[in-house]
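Q: got a predicted structure here, sequence first:
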Amino acid sequence: MAAPRPIELNGRPVADGAFPLIITPLVGRAPADIMAELAAILPKRPDLLEWRVDCFDAIADTARVIETARRIKHAAGPVPLLLTRRNASEGGQSIALDEPAVVALYRQACAARCVDLIDYELSNPPQYLEELRAVSAANGIAMVMSYHDFRRTPDIDALQDRFEAAQRLGADIAKVAVMPADAQDVLTLLAATWRASQSLRIPLISMSMGALGAASRVTGWLYGSAATFAVGQSSSAPGQIAIEDLRAALTALRRALPG
């Protein structure tokens, strides 16, 4: 079994280094919706929250985004907050912002220190990745560099390349999520995660999506994935499991493992 590298914030492992971290999404369209989601999710004890800001109706209003992020953090207490604008080509919502405006939004959120982590896709232009890496690092914000393919699962070498690209570009965490056509594709994703966990220095998050890939959300940590996503109230990607069911499955699996 691989020993996943812990996801750290300011030099300390999140949730005291628990494996895997359980991340739950917030996908409300308005602040009231988000706060209602948060009130329903927090009693379920997620380790980390992801705010999918591409679902937010006021995404073009930077001041409102920052205000809402601060409200989330205040209510969430010690639970860290990940800010994610998922690109429409990688499974996100279409938004009325071009990429320079998205980069400006992230830049302002980092400067305001209203979030703990940001997620930005590897498919974006290198200059934007470099800019956000610099501004996030300057403000003590961890950066996830991610790759999503909702159509297929690339081969193991291509997946390894995605993990390596994130490390090469300075990511704190590398994330890969792909869609399987069959059970073999799920094994390919897990094998790529295992291989990358043995060679890279940064924490990894990986998952095979959809119903076929649901097993990877439970067992991925055994192959080196430091975190998994679960439904707190609403899902943000196909195949996410309810947090209660995921925690029960993880508990049963741990009991079956030696030592």
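A: Here it is on my side, so go on.
Q: my read: residue 34 touches residue 72, true?
A: Yes. With contacts counted by C-beta atoms under 8 Å, residue 34 reaches residue 72, the gap being 6.7 Å. In short, each C-beta sits where N, CA and C put it, glycine included.
Q: find the residues that touch each one of the two.
A: Jointly contacting residue 34 and residue 72 under the rule C-beta atoms under 8 Å, 6 or more residues apart in numbering are 26, 51.
Q: okay, now the unreliable bits of the chain?
A: 1-3, 233-239, 259 (pLDDT under 70).
Q: where exactly do the strands run in it?
A: According to DSSP state E, the chain carries its strands in the segments 8-9, 12-13, 21-26, 48-52, 81-84, 117-121, 142-149, 173-178, 204-208, 227-231, 241-242.
Q: neighbouring strands - and their directions - for the last one?
A: Think strand 241-242. Applying DSSP bridges to the sheet, strand 241-242 is found paired with strand 227-231 (parallel).
Q: just want the angle from the strand it pairs with to strand 21-26.
A: 40 degrees (axes from the mean of the first three to the mean of the last three C-alpha atoms, to 10 degrees).
Q: off-centre distance for strand 227-231?
A: 8 Å (C-alpha atoms, centre = their mean, to the nearest Å).
Q: CA atoms of that strand as PDB?
A: Taking Å, rounded to 0.1, in the frame of the first residue of the first chain, the C-alpha atoms of strand 227-231 are listed here in PDB:
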ATOM      1  CA  ALA A 227      -8.200  12.800  -0.700                       C
ATOM      2  CA  THR A 228     -11.600  11.800  -2.100                       C
ATOM      3  CA  PHE A 229     -14.800  13.700  -2.800                       C
ATOM      4  CA  ALA A 230     -18.200  12.900  -1.300                       C
ATOM      5  CA  VAL A 231     -21.700  14.300  -1.500                       C
END
